[in-house]
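**Student:** One predicted model, sequence on top.
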Amino acid sequence: MTSNNLSAAANKRTGYVIHVMTASGAVAGMFALNAVIDGHWRSCLIWLIICQILDGLDGPIARRFDVEVHAPRIDGHILDLVVDYITCVLVPVALLIRLHLLPHHWETLTASAIFLSSALWFARTDLETQDHWFNGFPAVWNLAVPTFLITGVSTKGVLIYTFILGTSQLTTFKIPHLVRVKALRKITLPLTVIYLANLTYFSLKYSDTRGIDFDAWQGAIFVLFPVYILLISIWRTWFSQVRIPLLGKIVE
């Protein structure tokens, strides 16, 4: 066997290993769901963080090794969507219901609406723009629901937020891919890292019986990051051709 053949074989093996890495997110999601069923909220939060880490790593690694070229028998995009529906929708909604974070008479209807809108969103042909902005809320309920839980949002507040986010999934409201969007990346990436680090820290500290306490500064991080995303999303959706002083255009 020639060195070229060896290289091709190695690339093929690497490609399928990366596909397995993506698929392992579904296994982590199963552990998270099992934690919900058993009432182990802290364990569920930790498994959701692990799912998020896997989801954040597999895409850049797959692009780095040209997985779609070397392991074409598995469609990495479809695989990612299947796993994401489990980890970003199914498990968080189960947590939402199991912890009674919604008004009692609205739980089933709201959960059904989330499943419906998210299924439609994952099937959109215009899921993402060429410059990597999502059309509509990108079904990251795995970030929204833990944030509701940790920050102690009221049941009515959770109902309002889920209605707004779910409805936006059927629109063309532009929301950035936190890693791939180039515009304002020097601001967005650090804020994303701080937000996810904060979420991870409080997920690790969360008590199944006592919940968690945090000071105003720590709580502000959970508020400021979504507000920042909302502001740049509004700008990208309706004012993308207007130049921002010192920053230029949102769209590059």
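**Tutor:** Here it is on my side, so go on.

**Student:** correct me, but G136 touches T171?
**Tutor:** Yes. At 5.3 Å, G136 counts as touching T171 under the criterion of Cβ atoms under 8 Å. Glycine gets a C-beta too; all of them are placed from N, C-alpha and C.

**Student:** Tell me where the stretch 1-150 of the chain is predicted with low confidence.
**Tutor:** 1-6 (pLDDT under 70).

**Student:** Could you rerun that using 50?
**Tutor:** 1-4, 6 (pLDDT under 50).

**Student:** Spell out, range by range, the helices that occur in the stretch 151-252 of the chain.
**Tutor:** Taking DSSP state H, counting those that start in this stretch, the helices of the stretch 151-252 of the chain run over residues 155-168, 185-205, 216-238.

**Student:** before we move on, the earlier item: settle it for me: which of G136 and T171 has more neighbours?
**Tutor:** G136 (22 against 11; other Cβ atoms under 10 Å).

**Student:** What values do phi and psi take at the more buried one?
**Tutor:** Backbone torsions of G136, given as degrees, to the nearest 10, read phi 90, psi 170.

**Student:** Give me the neighbour count for the nearest residue to it once chain neighbours are set aside.
**Tutor:** Excluding its sequence neighbours, the residue lying closest to G136 (Cβ to Cβ, 6 or more residues apart in numbering) is Q169, at 4.2 Å. Neighbour count of Q169, defined by other Cβ under 10 Å: 24.

**Student:** Tell me which residues touch Q169, please.
**Tutor:** For Q169, the contacting residues are S117, S118, L120, W121, G136, F137, A139, by Cβ atoms under 8 Å, 6 or more residues apart in numbering.

**Student:** repeat that for 10 Å
**Tutor:** Neighbour list for Q169: 113-114, 116-122, 124, 134-139, 175 [criterion: Cβ atoms under 10 Å, 6 or more residues apart in numbering].
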